[in-house]
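> coordinates for the following, if possible.
(one chain, ligands or ions: 2)
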Amino acid sequence: MLITAGHVIRFLERVAQIIHTHRDELTLLDANIGDADHGTNLDRGFAAVVSKLPTVADKDVGTILKTTGMTLISTVGGASGPLYGTAFIRAAGVLAGLETVNPEQLVAALEAALEGIQTRGKAQRGEKTMIDAIAPGIDVLQAAQGTDEPFLAVAERALAAVEAGMQATIPMLATKGRASYLGERSIGFQDPGATSSFYIAQALFTMLQEAAAQADAS
Ligand code: ADP
Ligand code: MG
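Ligands and ions are numbered 1, 2, ... in the order given. Below is the predicted model:
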């Protein structure tokens, strides 16, 4: 399976769509334990990304992702903009100059993205953030490396792990970000950033389905 720049462009358009569809839900989740802006923040950011895509559509995957990250940092107010922005820029560093990306390279880029979020936000697993959704998905991808399981099947299990990780934030006590100001009152609510990470992971899985279908057809 090979992921092309065109697949990545459609992935980013799909992220913008799915975030737009879930904008109010993400904002309501943030109203529970934050300042009720997560959905509007990301909707603004990914709409800005989509508006930049025509300028990079003929560029390599690294350039497309770097532009995405820089656009998120400059247009998303709030913690999530610099965090997602850093994730895309770190992934771009791993995929710099590539016209096509194979599954191993994708996994390396996702690992770098998670590391970027952890470095930037100084959070670890279990602190009720987006990391609690993303990290379990990366665990699945890493554990399957070097096995014969088809990558799409691995990715489907990774998506399920992200969803479970998102749901596992509900009973967690927030110790990072705005939700941590609530202390014990942060318990019992699903983290908005973990939820947006699940939607982004869904769009990523759809991109892989598309790339796999084309690989089968060729
Ligand atoms: P803000 O909290 O500044 O209003 P958003 O509402 O856009 O920003 O994003 C909130 C989300 O950001 C949280 O739900 C959480 O998942 C994530 N987040 C906040 N701080 C951190 C951090 N230090 N590390 C990782 N993720 C974080
Ligand atoms: Mg907020």
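> dump the residue contacts of S180.
Counting by Cβ atoms under 8 Å, 6 or more residues apart in numbering, S180 makes contact with 127, 174, 186. For the C-beta atoms, the positions are set from N, CA and C on the backbone; glycine is no exception.
> SS state for the second one?
Classification of A174 by DSSP: H, G, I helix; E, B strand; the rest coil places it in coil.
> distance of T119 from ligand 2?
To ligand 2, T119 is 21 Å away according to Cβ to the ion, to the nearest Å.
> what helix or strand is that residue located in?
In the assignment (DSSP states H and E), T119 maps to helix 103-121.
> name the residue of this protein that lies nearest to ligand 1.
G193 (1.9 Å; Cβ to the nearest ligand atom).
> I figured that residue hits S80, correct?
Yes - counting by Cβ atoms under 8 Å, S80 is a contact partner of G193 at 5.6 Å.
> now do the shared contacts for those two.
Joint contacts of G193 and S80 (Cβ under 8 Å, 6+ apart) are 38, 130.
> tell me the residues of this protein that contact ligand 2?
Contacts of the chain with ligand 2, taken as Cβ under 5 Å from the ion, map to 30, 34-35, 37-38, 78.
> quick one: the helices in this structure?
Remark: helices assigned in the chain by DSSP state H are 5-21, 23-33, 38-56, 61-75, 80-94, 103-121, 131-144, 151-167, 192-217.
> I'd like these laid out as JSON lines, including mean pLDDT and distance to L182.
Shown next, in JSON lines, are the helices of the chain (pLDDT from 0 to 100; distance: least, Cβ to Cβ, whole Å):
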{"stretch": "helix 5-21", "mean pLDDT": "98", "distance to L182": "24"}
{"stretch": "helix 23-33", "mean pLDDT": "98", "distance to L182": "6"}
{"stretch": "helix 38-56", "mean pLDDT": "98", "distance to L182": "15"}
{"stretch": "helix 61-75", "mean pLDDT": "98", "distance to L182": "26"}
{"stretch": "helix 80-94", "mean pLDDT": "98", "distance to L182": "17"}
{"stretch": "helix 103-121", "mean pLDDT": "98", "distance to L182": "18"}
{"stretch": "helix 131-144", "mean pLDDT": "98", "distance to L182": "17"}
{"stretch": "helix 151-167", "mean pLDDT": "98", "distance to L182": "19"}
{"stretch": "helix 192-217", "mean pLDDT": "95", "distance to L182": "13"}
